[in-house]
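Q: After the sequence you'll find the predicted model.
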Amino acid sequence: MANMELQMGPQLEQIHGEIHDNFRALANGFQKLDKIKDSNRQSKQLEELTAKMRECKRLIKEFDREIKDEEIRNPPEVNKQLNDEKQSMIKELNSYVALRKTYVSSLGNKRVELFDMGAGASDPTADDNVQMASAMSNQELINAGMKTMNETDQAIERSKQVVEQTIEVGTQTAVTLKGQTEQMGRIVNELDTIQFSIKKASQLVKEIGRQVATDKCIMLFLFLIVCGVIAIIIVKVFSPIHPFSFLNFSC
């Protein structure tokens, strides 16, 4: 089917072009393989062709996924054309796989069988969605698409539930944070009150200290007066002459 006859989006068109580029490379590669006489070089060429077939297999899977994604938006005749093109590409890939097996048998080279071990089957399209889709009728494809859509809807519903739970947890967390913020505000106010009380207490202690210092000076002065009076009394008691007799004489 010609590329211009197919109605496909840019992504599908790009994948479709890459697949056919690989098919052309496979065709040229097998033509060159016929001209190679050395078995080692033939083995190396087969390994390169195997890598190309593996890439084709991956691209066909992508092509199939894109068809399913666009199936709802496309009219039925376009979907039929795209599915027919997909099956045509699968058949062409299988023809290269069969050709590879022929060369492997003729060479008896086990190294190229690494592709089979890596792919999980001897056929690149075996045991995967591409081969299953090629064997389905249009109704089966529609049923499979509806099943996939239902599974997608269920996954979306589970995602919605997770989002709702996340929003609920976020709301609870916001309430908790608000309560903690208010509590922190009260703590800050209490700390301000305590700091003010400490300042007042510090001023009071300073005033008390100044008053105590003043009281000490007064007590020291009184102590000195008392000591002076005691000294005068002692002198008067033990002295034979009155210490202030000269005052009387002068008078």
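A: Thanks, I have it. Numbers count the residues shown, from 1 in each chain.
Q: out of everything not next to it in sequence, what's closest to Glu66?
A: Distance criterion C-beta to C-beta, 6 or more residues apart in numbering; nearest residue to Glu66, sequence neighbours excluded, is Leu12 at 4.9 Å. The C-beta positions use only the backbone N, C-alpha and C, and glycine is treated the same way.
Q: so how far is Cys227 from that neighbour?
A: Per C-beta to C-beta, to the nearest Å, Leu12 is found 119 Å from Cys227.
Q: quick one: low-confidence parts of the stretch 1-150 of the chain?
A: Low-confidence segments of the stretch 1-150 of the chain, defined by pLDDT under 70: 1-6, 108-141, 145.
Q: which of Leu12 and Cys227 has more neighbours?
A: Between Leu12 and Cys227, counted using other C-beta atoms under 10 Å, the more crowded position is Leu12 (19 against 10).
Q: Can you classify that one as helix, strand or coil?
A: Under DSSP: H, G, I helix; E, B strand; the rest coil, Leu12 falls in the helix class.
Q: Could you pull up the residues touching it?
A: 63, 66-67, 70, 82 (C-beta atoms under 8 Å, 6 or more residues apart in numbering).
Q: Redo those residues as TSV? Include distance to Thr176, neighbour count and secondary structure.
A: Listed next are these as TSV, based on distance: C-beta to C-beta, whole Å; neighbours: other C-beta atoms under 10 Å; DSSP: H, G, I helix; E, B strand; the rest coil:
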residue	distance to Thr176	neighbour count	secondary structure
Phe63	51	22	helix
Glu66	47	20	helix
Ile67	50	22	helix
Glu70	47	17	helix
Leu82	54	24	helix
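Q: Quick check: the two most widely separated of those residues?
A: Distance extremes for the contacts of Leu12: the farthest pair is Phe63 and Glu70 at 10.9 Å, using C-beta to C-beta.
Q: tell me the SS of Arg73?
A: Applying three-state DSSP: Arg73 is coil.
Q: Run a quick check on Lys68 versus Thr148, I expect a contact.
A: Yes: assessed by C-beta atoms under 8 Å, Lys68 is found in contact with Thr148 at 6.8 Å.
Q: who has more neighbours, the two?
A: Applying other C-beta under 10 Å to Lys68 and Thr148 shows that Lys68 carries more neighbours, namely 18 against 12.
Q: where's Tyr96, which helix or strand?
A: Assigned by DSSP states H and E, Tyr96 belongs to helix 76-107.
Q: buried residues in that helix?
A: Using 16 or more other C-beta atoms under 10 Å as the burial criterion, the residues of helix 76-107 that qualify are 78-79, 81-83, 85-87, 89-90, 92-94, 96-97, 99-100, 103-104.
Q: Now do the longest helix belonging to the chain and helix 76-107, the angle between them.
A: Determined from DSSP state H, the single longest helix within the chain is helix 138-238. In terms of direction (axes from the mean of the first three to the mean of the last three C-alpha atoms, to 10 degrees), helix 138-238 departs from helix 76-107 by 90 degrees.
Q: Now render the contacts of Leu12 as TSV, adding distance to Glu168.
A: Formatted as TSV, the contacts of Leu12 follow (distance: C-beta to C-beta, whole Å):
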residue	distance to Glu168
Phe63	42
Glu66	37
Ile67	40
Glu70	37
Leu82	44
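Q: wait, which of those is closest to Glu157?
A: Closest approach between these and Glu157, by C-beta to C-beta: Glu70, at 23.5 Å.
Q: didn't that closest one look like it was pressed against Glu13?
A: No: applying C-beta under 8 Å, one finds Glu70 not in contact with Glu13, separated by 11.6 Å.
Q: sorry, back to before: from Asp215, how far out is the residue nearest to Glu66?
A: Per C-beta to C-beta, Leu12 is found 103 Å from Asp215.
Q: again with Ala155
A: 88 Å.
Q: now do Lys206
A: Lys206 sits 15 Å away from Asp215, going by C-beta to C-beta.
Q: How about Gln11?
A: In terms of C-beta to C-beta, Gln11 sits 98 Å off from Asp215.
Q: Kindly report the same for Glu157.
A: Look at Glu157 and Asp215: by C-beta to C-beta, they are 86 Å apart.
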